[in-house]
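> sequence and predicted structure are below.
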Amino acid sequence: MATRSRSLELLVFAVGAGTLGAEIAAARLLAPWFGASTIVWANTIAIVLVALSIGYALGGRFADRDPRPAALARIVLVASALLAIVPFISGPFLRQAVKAVDQLSAATFLGSLVGVGVLLAVPLLLLGMVSPFAVRLSVDSVADAGRTAGRLSAIATVGSLTGTFLSSLLLIPVVGTRRTFLIFAAAMALAALPHLTRGRLPALGVPGVILVLMALPTGTLKSAESGDKVVWEKETEYQYARVILDPDGQRSLELNEGHAVHSVYTRDTWLVGGYWDEMLALSTAGGGEPPGSVAILGNAAGTTARAIGHFFPGTRIDAVEIDGELTKVGKEQFDMTGPDLHTHTADARPWLQATSRTFDVIMIDAYRQPYIPFYLATEEFFDLVRKRLDPGGVVIVNVGHPADSDALEKVLTATMATAFGPQNAWRDPVNDTSTVLLGTSGGDPAGRLRQAATRLPDDLADVLEDSADRLAPGLKGGRVYTDDKAPVEWLVDTSLAAEAE
């Protein structure tokens, strides 16, 4: 009896660890496609809680009808098998979500998220049945019911804590998201085996198959377009990243969803024809030309840093990127070099807060498509930026947005204006989905661009002239965001929904 009690407690512990470990891994599974916003986390947590609640109710009923350890073991084995296949069969749903975002079809986007939720909800519902089932099997008398339920609840909670920290601090960083699912699934399946009185040998097939799946290489998560070649890919601590080589020899860094390019490189080419050129050009709109120092918050693989190092070799560049793997691939495959380039692996705002340096230019290009981190879009952040600028300095912000939507741009303009003044907030509408904002300490930035163009190479001078022609006062009507209230995700999602109508 004592042995059965210990094995039941071990099963409850394993299920607790697997449930919360799967929740953390599920958020990680969704993040490369949907981001890691509070909305995504809310959806993930809601799916888990709803599934577990239904499981608790069903588990009590099933336990009363068939109070045998073997029945509980079969439930866990089925849940383990379903959990193990989640990272394999979720791909079609996630790829559909990417297409939905590309086409601005919010209904399909949300439908795909619900689809992934359904995949997770079924195994989690079964796992929710374990706790009341285990209590029913452990209670010998009504007098012991409270103590037994409390003990098993405590064991399940300790298991949940173990699963949370084990997945987030060890398993996901070391073995990846897919194998994290498989490890928890295998652990639960093995813990269920001792409770089978018959058919134990065939049941060994469940953990056996899971272990085989664990040994398989992870492979490519997404295929390249026809004619393109994936030359590097990695699931980093923060995201899925890959480098695409197209037939013309251009390398592109894609992060997460794959419908946004974060860095590009072509050999012996420094002007790439994207918004990176405008950020380079606007760096001359301040008090110094060329700028003496530039901080790039969100450097990725270094397209802008490389261009600055080429055209302005005397400029000190502090390139800040939270994901160190992107810095590595930038140096290895994007020729991210410069005479005075300094790279930093750090989160943008804490790094800016900690540094004692000041800069002529601060560039902000830190997106996890389609969201900009909320703490880089607040009044307090732009106050910090202003303090880190030298006299005459400028701040440059890349604002990606849905076509024909200016809601995010208005908010960032209004918020930036709290630090620089409404008359010193400017906009450069680069294309339909990207606007570069400019905050200055005063004067005529368009005039400074034209003046700087007379002293620069013709190709760069043309970019400066074009930027000067487009430069206009910032849009009015935005709401000021603060650290306390900055619903960036909600704003972007409603913009996507409006575009879909």
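Done, it's in.
> count of neighbours near Val142?
By other CB atoms under 10 Å, the residues close to Val142 number 7. (C-beta placed from N, C-alpha, C; glycine too.)
> what segments of the stretch 251-400 of the chain are strands?
Taking DSSP state E, counting those that start in this stretch as the test, the strands found in the stretch 251-400 of the chain are 251-255, 261-265, 293-297, 316-321, 341-345, 359-364, 389-400.
> dump the ones you listed into JSON lines; add mean neighbour count, distance to Glu379 and mean pLDDT as well.
Below are the strands of the stretch 251-400 of the chain laid out as JSON lines (neighbours: other CB atoms under 10 Å; distance: least, CB to CB, whole Å; pLDDT from 0 to 100):
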{"stretch": "strand 251-255", "mean neighbour count": "22", "distance to Glu379": "28", "mean pLDDT": "87"}
{"stretch": "strand 261-265", "mean neighbour count": "22", "distance to Glu379": "27", "mean pLDDT": "87"}
{"stretch": "strand 293-297", "mean neighbour count": "26", "distance to Glu379": "17", "mean pLDDT": "96"}
{"stretch": "strand 316-321", "mean neighbour count": "24", "distance to Glu379": "21", "mean pLDDT": "96"}
{"stretch": "strand 341-345", "mean neighbour count": "18", "distance to Glu379": "25", "mean pLDDT": "95"}
{"stretch": "strand 359-364", "mean neighbour count": "27", "distance to Glu379": "15", "mean pLDDT": "95"}
{"stretch": "strand 389-400", "mean neighbour count": "22", "distance to Glu379": "13", "mean pLDDT": "90"}
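> TSV for the ones you listed, including distance to Val175?
Listed next are these as TSV, based on distance: least, CB to CB, whole Å:
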stretch	distance to Val175
strand 251-255	21
strand 261-265	26
strand 293-297	31
strand 316-321	24
strand 341-345	22
strand 359-364	34
strand 389-400	33
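> looking at these, which is nearest to Val135?
Of all the strands of the stretch 251-400 of the chain, it is strand 251-255 that lies closest to Val135, at 45.5 Å by CB to CB.
> quick check: closest non-adjacent residue to Trp426.
Residue nearest to Trp426 in three dimensions, not counting chain neighbours: Leu438, with 4.2 Å by CB to CB, 6 or more residues apart in numbering.
> okay, now the one you found: neighbour count?
Leu438: 27 surrounding residues under other CB under 10 Å.
> let me see the contact set for it.
Residues near Leu438 by CB atoms under 8 Å, 6 or more residues apart in numbering: Leu282, Ala285, Val394, Val395, Ile396, Val397, Ala425, Trp426, Arg427, Asp428, Pro445, Leu471.
> for those residues, give me TSV that also has distance to Tyr481.
Converted to TSV, these look like this (distance: CB to CB, whole Å):
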residue	distance to Tyr481
Leu282	22
Ala285	24
Val394	21
Val395	16
Ile396	18
Val397	13
Ala425	14
Trp426	19
Arg427	17
Asp428	21
Pro445	24
Leu471	24
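> from the residues you listed, which is closest to Ala46?
For these, the nearest to Ala46 is Val397 (32.7 Å; CB to CB).
> packing partners of the helix or strand harbouring Ala57?
Following DSSP states H and E, one finds Ala57 within helix 38-65. Packing partners of helix 38-65 (3 or more CB pairs under 8 Å, 6 or more residues apart in numbering; DSSP states H and E): helix 2-34, helix 69-89, helix 106-128, helix 130-138, helix 488-500.
> mind putting these in TSV, distance to Arg147 and mean neighbour count included?
Output for the helices and strands packed on helix 38-65, formatted as TSV (distance: least, CB to CB, whole Å; neighbours: other CB atoms under 10 Å):
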stretch	distance to Arg147	mean neighbour count
helix 2-34	13	23
helix 69-89	20	21
helix 106-128	22	20
helix 130-138	10	23
helix 488-500	45	18
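> could these go into CSV alongside mean pLDDT?
As requested, the helices and strands packed on helix 38-65 are exported to CSV (pLDDT from 0 to 100):
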stretch, mean pLDDT
helix 2-34, 81
helix 69-89, 90
helix 106-128, 70
helix 130-138, 90
helix 488-500, 65
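> restricting to C-alpha, output stretch 163-178 in CSV.
Coordinates of the C-alpha atoms in stretch 163-178 are reproduced here as CSV (Å, rounded to 0.1, in the frame of the first residue of the first chain):
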residue,chain,number,x,y,z
GLY,A,163,8.2,22.2,-14.3
THR,A,164,8.1,26.0,-14.6
PHE,A,165,11.7,26.5,-13.6
LEU,A,166,13.0,23.4,-15.3
SER,A,167,11.5,24.3,-18.7
SER,A,168,12.4,28.1,-18.6
LEU,A,169,15.8,27.9,-17.1
LEU,A,170,17.2,24.6,-18.4
LEU,A,171,15.3,22.6,-20.9
ILE,A,172,14.2,25.2,-23.5
PRO,A,173,17.6,27.0,-23.6
VAL,A,174,19.5,23.7,-23.7
VAL,A,175,17.4,21.2,-25.7
GLY,A,176,14.8,23.4,-27.4
THR,A,177,11.0,23.7,-27.3
ARG,A,178,10.2,20.5,-29.1
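> tell me how many other residues surround Lys476.
Neighbourhood size, Lys476 [other CB under 10 Å]: 11.
> what secondary structure does it sit in?
Of the three states, Lys476 takes coil under DSSP: H, G, I helix; E, B strand; the rest coil.
> what's the pLDDT at it?
Looking at Lys476, its pLDDT reads 92.
> any weak-confidence spans in the stretch 101-250 of the chain?
101-116, 141, 198-202, 217-227 (pLDDT under 70).
> element containing Thr164, please.
Assigned by DSSP H and E, Thr164 belongs to helix 145-166.
> ok and that helix relative to helix 130-138, angle-wise?
For helix 145-166 against helix 130-138, the angle by axes from the mean of the first three to the mean of the last three CA atoms, to 10 degrees is 140 degrees.
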